[in-house]
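J.: need a structure here:
(2 chains)
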Amino acid sequence: MIGNSSTNRMPSYLEYQGKYTGIRAWILSTDHKRIALLYLYSQLFFFLAGLVMGLFMKLELIAPGQQLMGPATYNALFTVHGLTMIFLFIIPGLAASFGNFMIPIMIGAKDVAFPKLNLFSWYLFILGATIILVGIFTGDGPPDTGWTFYAPYSLKTNTNVVLTVFGAFVLGFSSILTGLNFIVTIHRMRSPGMGFFRMPLFIWSLYGTAWIQLLATPVVGITFLMVVADRVLHIGFFDPAQGGDPILYQHLFWIYSHPAVYIMILPAMGAITEIITTFSHRTVFGYKAIAMSSLAIAFVGYLVWGHHMFTSGMSETARLVFSFLTFLVAIPSAIKVFNWTATMYKGSISLEPPFWWAMAFIFIFMIGGLTGLILGSVSTDVHVHDTMFVVAHFHYIVFGGAGLAFFAALHYWYPKMFGKMYNKKVANRALLGLFIGFNVLYLPMFFLGFMGMPRRYYDYLPQFANLNLLSTIGSWILATSLIVVIVNLLRAKKGTPEEMDDPWGGRTLEWKIQSPPSLENFEEIPVIDHEPYDLIEK
Amino acid sequence: MKKTISWFILPLTIAVLILISVNAFAEKAKDLEVGITEHLDEYVPSDIMLTDQNGNLVNLKQLINKPTVLCFVYYRCPGICSPLMNGLAEVMASTGMALGKDYQAITISFDSRETYDLGQKKRLNYLKKLKGQDPSGWTFLTGDSANIAKATKAVGFGFKLVNNEFMHEGALIMISPDGKITRYLKGISFVPFEFKLAIIEASEGKSAPTIIKVLKFCYSYDRKSERYSLDITRITASLTLIFAVSLLLYLLIRGRRKKSNSVNQ
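T.: Next up is the predicted model:
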């Protein structure tokens, strides 16, 4: 038995005094838990910044015509909103924060394999973010290309593309190193008795994610360098005037950026699996199927990038093949959803806030996933391509999927990470508000897109006015609820060790140590002699 | 572990099958009236009878028993034929491969009015540029219009008689020992490196030194620009995959770390 009695508690990682004090005890710490919190705070900061930009965009779209800003400002705003949310919040996502915190604990290790590299990754993350910020505020203004930097416009615009793209390049290295670190940690640091098929499923999802980070990110890194080379040295990789090929850019970009969607969503699915299992008080249904579906998503996710380019100029055959492969990805995703449902079946479900968050995730993610099939089949995609439909689908997956799972995980592991419990009633109500706000904000976009409203315009035709007004109102509900969520977390109260060590009745290793964990997580490396979700006497 | 591997095999097989089927869809264009339409991967028919420089009737297919560089000219040509033949002779002299042993050259006159003795005259002239090479490796052929038409059609060489001169294009056509068309090198002057790679490709099936295989892997024939180009995507992709696979193998073989790690704060 690994548990700590309250009489024999070590100082927690939050209290621990090392060589350094003050802020240096954090920014020079190689403890995976402190690095995880560094990521968590920086990500939340960027998330809130992105949120504010989103609110301004919705405000501009409240009625036809110009409200707050002209087209150029709007272009810059949606670009920076995308950059911030994608590269600074959701790509590091659950892996950088919760992955860093939980991987060593869940596999029974004291830290990740390369703690210093781990800290270095965070510095690269901050460096990349800083470069992007500098790019926004200097030169001839923030980029206005959209977060995708499509050539040839990204080669021609006078805005500060070079710096921003270079910042994203640096961020890529942070991602690659984190992926490498996680892969080695999962292979080499598992405690005795913890075979691959005894790992919690969150770890499996992070394992698949880490391979994508390692293999796909270099592609976008090179691509961004090619954009810089095109702009600075006028090489002409993507410039048709110099014999280059703009479609090549799209291929290279999406070869990374589609798998990147799985970098975002896989850890989210992993966290949801943990939550559903814990609150159903049942062994997870189909452990191996869920584990393997993570790898299958990671693998097939590499082969579907072309579905972003159905209207960009590809042969009929290529379009059909990419469409077919896209449909294939739906299978492992559905495996997960069905297994979650089956896990709940005949379970003894306790309706705690993290569980509600997980339910909200499944509902919204399913809408996102099913509308993805509409975009994945060639004929329907041609109709809704580059309309608000795509924006809606994307936000249902990335915000409603990965983003909601991020907050679900935060509510789930919050007592473990901080030894504090938030007000559950407020948490539930805030979630309800967020759920309503989310759907009021994004659901109308499906209809707008279907009716033909293009995306990325600051203005629209009068017939789209009502739904846009509704959507803007939704954005206010959503933002208010999010503020309540965050304030509620910040106002969480310290509980007794008995209450906090395992408030949910979880069965994975993190619930068998003290909350917050001690510096070395385990005073003695645990020996695992049972399956990951077995209900055993504590 | 075995189970894990079998989970990977199915998607991999699907991916490979898809790649193969995509390639099978390659389009086929109509032959040009004047100019060259590439007939890659097609075979030289076995019933083409032509006359060699000594006046002997030969079967073209049987003559091709080693990697072959084929070109069509007419000997009285005032245009690009002489530069083309000069270019061919120069590249053969500088390529470092042995004519008649590693490969052979065949020049065919597509003007049915020309005779074998004119071919012999031209041949002796160009052989002067190839000192030290086996002269029997370069054959000059003539033939009747029916057989010439068969040959030019087979390789997609379109030409037209206008005012007693022929309109045509210049190119070298690479043919494998079993008569398969493997490459077209267009133009009238040739880079020795490209020429050598093309011959190596034509010799496919025969064993070649390793270094040559690496070269072939790194350079691929770009059908659009009709040149060999460094295939940077293929190289980087291979390096990435090699890195990934060796990392995975290393981790699988080494297994778990034996010592428990301590934490540095």
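
J.: what residues are up against residue B:138?
T.: B:92, B:99-100, B:104-107, B:123, B:126-127, B:130 (C-beta atoms under 8 Å, 6 or more residues apart in numbering or on different chains). Glycine gets a C-beta too; all of them are placed from N, C-alpha and C.

J.: narrow the residues you listed to just the buried residues.
T.: Burial by neighbour count, 16 or more other C-beta atoms under 10 Å in any protein chain shown: within the contacts of residue B:138 this picks out B:92, B:99, B:104-107, B:123, B:126-127, B:130.

J.: just put those residues in a markdown table and tack on pLDDT and secondary structure.
T.: What follows is the buried ones among the contacts of residue B:138, written out as a markdown table (pLDDT from 0 to 100; DSSP: H, G, I helix; E, B strand; the rest coil):
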| residue | pLDDT | secondary structure |
| --- | --- | --- |
| B:92 | 90 | helix |
| B:99 | 89 | strand |
| B:104 | 92 | strand |
| B:105 | 93 | strand |
| B:106 | 93 | strand |
| B:107 | 93 | strand |
| B:123 | 90 | helix |
| B:126 | 89 | helix |
| B:127 | 88 | helix |
| B:130 | 85 | coil |
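
J.: and residue A:243, how many neighbours?
T.: Using other C-beta atoms under 10 Å in any protein chain shown, residue A:243 is surrounded by 9 other residues.

J.: now it. Its backbone dihedrals?
T.: With angles defined as degrees, to the nearest 10, residue A:243 sits at phi 90, psi 10.

J.: what segments of chain B are helices?
T.: B:2-24, B:60-63, B:81-94, B:116-127, B:145-155, B:192-202, B:210-218, B:232-254 (DSSP state H).

J.: how far off centre is the third one?
T.: Which is helix B:81-94. Taking C-alpha atoms, centre = their mean, to the nearest Å, one finds helix B:81-94 lying 17 Å from the centre of the chain it belongs to.

J.: list the contacts of the residue nearest the centre of chain B.
T.: Nearest to the centroid of the C-alpha atoms of chain B, with distances taken as C-alpha atoms, centre = their mean, sits residue B:183, at 3.0 Å. By C-beta under 8 Å, 6+ apart, the residues touching residue B:183 are B:40, B:173-174, B:198, B:201-202, B:221.

J.: which one of those residues is nearest residue A:26?
T.: When these are ranked by distance to residue A:26 (C-beta to C-beta), residue B:221 comes first, at 56.7 Å.

J.: quick one: mean pLDDT for the host helix or strand of residue A:221?
T.: Residue A:221 belongs to helix A:201-233 when assigned by DSSP states H and E. The average pLDDT within helix A:201-233 is 93.

J.: give me the angle between that helix and helix B:232-254.
T.: 150 degrees (axes from the mean of the first three to the mean of the last three C-alpha atoms, to 10 degrees).

J.: run through the neighbouring helices and strands of helix A:201-233.
T.: Here helix A:201-233 touches helix A:100-106, helix A:153-156, helix A:161-188, helix A:246-280, helix A:287-300, helix B:232-254, going by 3 or more C-beta pairs under 8 Å, 6 or more residues apart in numbering or on different chains; DSSP states H and E.

J.: could you identify which of these is most buried?
T.: Comparing the helices and strands packed on helix A:201-233 by mean neighbour count (mean count of other C-beta atoms under 10 Å in any protein chain shown), helix A:100-106 ranks first with a mean of 28.

J.: quick check: residue A:262 vs residue A:311, distance?
T.: To residue A:311, residue A:262 is 23 Å away according to C-beta to C-beta, to the nearest Å.

J.: sorry, slip of the keys, the one I care about is residue A:450.
T.: Residue A:450 sits 16 Å away from residue A:311, going by C-beta to C-beta.

J.: more neighbours: which of those two?
T.: A side-by-side neighbour count of residue A:450 and residue A:311, using other C-beta under 10 Å, places residue A:450 first with 16 against 12.

J.: how about that one, secondary structure?
T.: Following DSSP: H, G, I helix; E, B strand; the rest coil, residue A:450 is assigned to helix.

J.: point me to the residue of the stretch 101-250 of chain B nearest chain A.
T.: With C-beta to the nearest C-beta as the measure, residue B:244 is the residue of the stretch 101-250 of chain B nearest to chain A, at 5.7 Å.

J.: can you list the residues of the stretch 201-350 of chain A near chain B?
T.: A:211, A:214-215, A:218, A:222, A:288, A:292, A:295-296, A:299-300, A:303, A:315, A:317-318, A:321, A:324-325, A:328 (C-beta under 8 Å from any C-beta of the partner chain).

J.: do that again at 7 Å, thanks
T.: A:214-215, A:218, A:292, A:295-296, A:299-300, A:303, A:317-318, A:321 (C-beta under 7 Å from any C-beta of the partner chain).

J.: how about those, which pair is most distant?
T.: A:214 and A:317 (30.6 Å).

J.: more neighbours: those two, which one.
T.: In this view residue A:214 and residue A:317 are compared by other C-beta under 10 Å, and residue A:214 has more residues nearby, 22 against 15.

J.: I figured the more buried one hits residue A:176, correct?
T.: Yes. Residue A:214 lies in contact with residue A:176 (C-beta atoms under 7 Å); the separation is 5.9 Å.
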